[in-house]
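Engineer: fold the following, please.
(one chain, ligands or ions: 2)
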Amino acid sequence: RYPTEIDLRLSILVCIAISLCGFVATVLLVPVAARYLLRRNLFGRDINKKGTPRGAAKVPEALGIVTGIVFLVVAILVQLAVSFLQYNLTADSDWLVEYNAALACICFMILLGFVDDVLDVPWSVKLVLPFFSALPLVMAYAGHTSIIIPKPLVPYVGLSVLDLGLIYKVYMIMLVIFCTNSINIHAGINGLEVGQTVVISSAILIFNLMQIGASTDLDYKQAHVFSIYIMLPLLTTSLGLLAFNWYPSSVFVGDTYTYFAGMAIAVVGILGHFSETLLLFFLPQVLNFLYSCPQLFGIVPCPRHRLPRFDPQTGLLIGTSDMNFVNLFLRLFGQCTEKTLCIRLVIFQVFSCLLCFQLRSILAGWYK
Ligand code: UD1
Ligand code: MG
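Structural biologist: Ligands and ions are numbered 1, 2, ... in the order given. Modelled structure (predicted):
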């Protein structure tokens with residue numbers, strides 16, 4: 001028997017229940033882990049509070065490790081529950097292979113992120129870490145490696161479907177490297193790393209539900225249900241972390257979190273076959289990356305932190321000439337508090353996701 005509509009709905013409900021437990025677990029564990037991390041001298045200076053890092057408060061760092069571990073436990077429990085519910089189904093078990101590969105990638109990325117937080121690896125090494133983490137997925141990937149040519153272009157290309165083969169696998173790795181690093185460099189003010197992840201994962205969940213509702217193809221629906229199995233735990237565990245990381249942060253998330261979140265999102269885009277849509281959700285990150293290129297590639301000098309300047313007189317942040325969105329927003333829309341700046345950037349993320357939905361509905365016509 002193949003999974004029916006009812007099976008899929010039931011498994012989504014189970015996933016919601018377990019993910020909510022994940023939220024509670026994160027909220028309970030973050031303060032405990034924060035004490036242990038501080039004891040091991042894993043802390044960061046809250047740079048935007050005092051002007052210089054020197055006098056700034058010590059904030060426990062790398063709390064993404066809690067989110068990551070709770071996420072993994074939740075994701076494994078979801079897998080267990082779903083396979084239990086569907087134990088008598090004969091549907092191909094490809095999804096289990098891919099799901100396990102996805103979890104292996106995420107787990108590997110959490111490990112490398114934590115290593116980065118503890119050892120502070122150089123920037124060039126940071127760039128290639130996700131490459132290794134993405135390998136389990138590329139090896140296990142059973143889906144197609146072809147792209148559909150938009151209708152208006154078919155006469156010019158001469159094909160309606162183009163099989164990219166190996167190039168598609170290279171593209172998958174590039175996507176993982178992009179997603180993980182682009183979240184990590186769109187960061188540095190309280191709440192921004194988690195804030196953008198919460199918005200993107202919510203947008204993906206809405207997109208999955210829309211696709212499940214609109215399609216009659218069970219295979220297609222299942223691809224989006226799998227995305228929900230990963231995005232829902234990511235959303236709830238991130239919200240648990242946000243409770244502590246929102247302004248004024250009592251914990252920092254660390255590269256453990258930014259890499260973990262980027263990897264989880266990239267993996268569902270690949271397995272759910274919606275990586276193009278995913279890149280539209282990543283509009284702020286894409287723009288921030290493009291704008292950062294001169295500094296990232298050493299054409300313009302790049303300091304260790306590209307953060308705004310704090311004005312002790314007014315308590316406001318002032319944009320520097322560093323080329324990222326945090327500073328650009330301050331230069332464009334005027335100086336403001338750290339909290340306001342974070343809210344502005346998160347709202348920009350929300351608008352980008354709304355634009356993505358709009359754009360998708362226009363572009364979908366090209367593929368009909
Ligand atoms: C990336 C950015 C860097 C930015 C940093 C902040 C690039 C190339 N690198 O580096 O410009 O400054 O992220 O995350 O764009 N911090 C705060 N407040 C926060 C969050 C972080 O002051 O709300 C500071 C703390 O000192 C914390 C440190 O940033 O310890 C974490 O930096 P880290 O994640 O190690 O920096 P990178 O990812 O290397
Ligand atoms: Mg970082």
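Engineer: tell me if stretch 27-44 is near ligand 2.
Structural biologist: No. Using Cβ under 5 Å from the ion, we find that stretch 27-44 stays clear of ligand 2, coming within 9.5 Å at best. For the C-beta atoms, the positions are set from N, CA and C on the backbone; glycine is no exception.
Engineer: phi first, then psi, for the closest residue to T314 other than its chain neighbours.
Structural biologist: Counting by Cβ to Cβ, 6 or more residues apart in numbering, T314 lies nearest to Q335, which is 7.4 Å off, once chain neighbours are set aside. Backbone torsions for Q335, taken as degrees, to the nearest 10, come to phi -70, psi 150.
Engineer: measure Q335 to D311 for me?
Structural biologist: Plainly put, Q335 is 7 Å away from D311 if you go by Cβ to Cβ, to the nearest Å.
Engineer: shared neighbours, the two?
Structural biologist: In terms of Cβ atoms under 8 Å, 6 or more residues apart in numbering, Q335 and D311 are both contacted by the residues 317-318.
Engineer: could you check which of those two has the larger neighbour count?
Structural biologist: The residue with more neighbours, out of Q335 and D311, is Q335; 17 against 12, by other Cβ atoms under 10 Å.
Engineer: my read is that the more buried one contacts Q313, right?
Structural biologist: No. Look at Q335 against Q313 with Cβ atoms under 8 Å: they stay out of range, at 11.2 Å.
Engineer: and the stretch 151-300 of the chain, which of its residues are near ligand 1?
Structural biologist: 184-185, 187-190, 249, 252, 255, 296 (Cβ under 6 Å from any ligand atom).
Engineer: so which of those wins on neighbours?
Structural biologist: Ranked by the number of neighbours (other Cβ under 10 Å), these place D255 first, at 29 neighbours.
Engineer: that one falls within a strand, correct?
Structural biologist: No. If the criterion is DSSP: H, G, I helix; E, B strand; the rest coil, then D255 is helix and not within a strand.
Engineer: so who does it touch?
Structural biologist: 62, 64, 113, 116-117, 126, 184.
Engineer: ok, so of the residues you listed, who is nearest ligand 2?
Structural biologist: N184 (4.4 Å; Cβ to the ion).
Engineer: what's the pLDDT at that closest one?
Structural biologist: For N184, the model assigns a pLDDT of 97.
Engineer: that one touches G262, doesn't it?
Structural biologist: Yes. Assessed by Cβ under 8 Å, N184 is found in contact with G262 at 7.1 Å.
Engineer: pull the number of nearby residues for the residue nearest to L166 when sequence neighbours are not counted.
Structural biologist: Spatial nearest neighbour of L166, chain neighbours left out: T145 (7.9 Å); criterion: Cβ to Cβ, 6+ apart. The tally of other residues near T145 (other Cβ under 10 Å) stands at 15.
Engineer: kindly report the same for R306.
Structural biologist: Neighbours of R306 using other Cβ under 10 Å come to 18.
Engineer: how much space between the residue nearest to it when sequence neighbours are not counted and ligand 2?
Structural biologist: Nearest non-adjacent residue to R306, counting by Cβ to Cβ, 6+ apart: D322, 3.8 Å away. With distances taken as Cβ to the ion, to the nearest Å, D322 is found 15 Å from ligand 2.
Engineer: how about F252?
Structural biologist: Going from F252 to ligand 2 by Cβ to the ion gives 9 Å.
Engineer: does that residue count as helix, strand or coil?
Structural biologist: coil.
Engineer: hmm, it is touching E61, no?
Structural biologist: Yes. With contact defined as Cβ under 8 Å, F252 reaches E61; the gap is 4.6 Å.
Engineer: name the residues contacting each of these two.
Structural biologist: Common neighbours of F252 and E61 (Cβ under 8 Å, 6+ apart) are 43-44.
Engineer: a strand runs through G44, doesn't it?
Structural biologist: Yes. Judged by three-state DSSP, G44 forms part of a strand.
Engineer: not counting its neighbours along the chain, what's nearest it?
Structural biologist: Using Cβ to Cβ, 6+ apart and skipping residues adjacent in sequence, the residue nearest G44 is E61, 4.3 Å away.
Engineer: list the contacts of that neighbour.
Structural biologist: E61 touches 37, 42-44, 117, 251-252, 254, counting by Cβ under 8 Å, 6+ apart.
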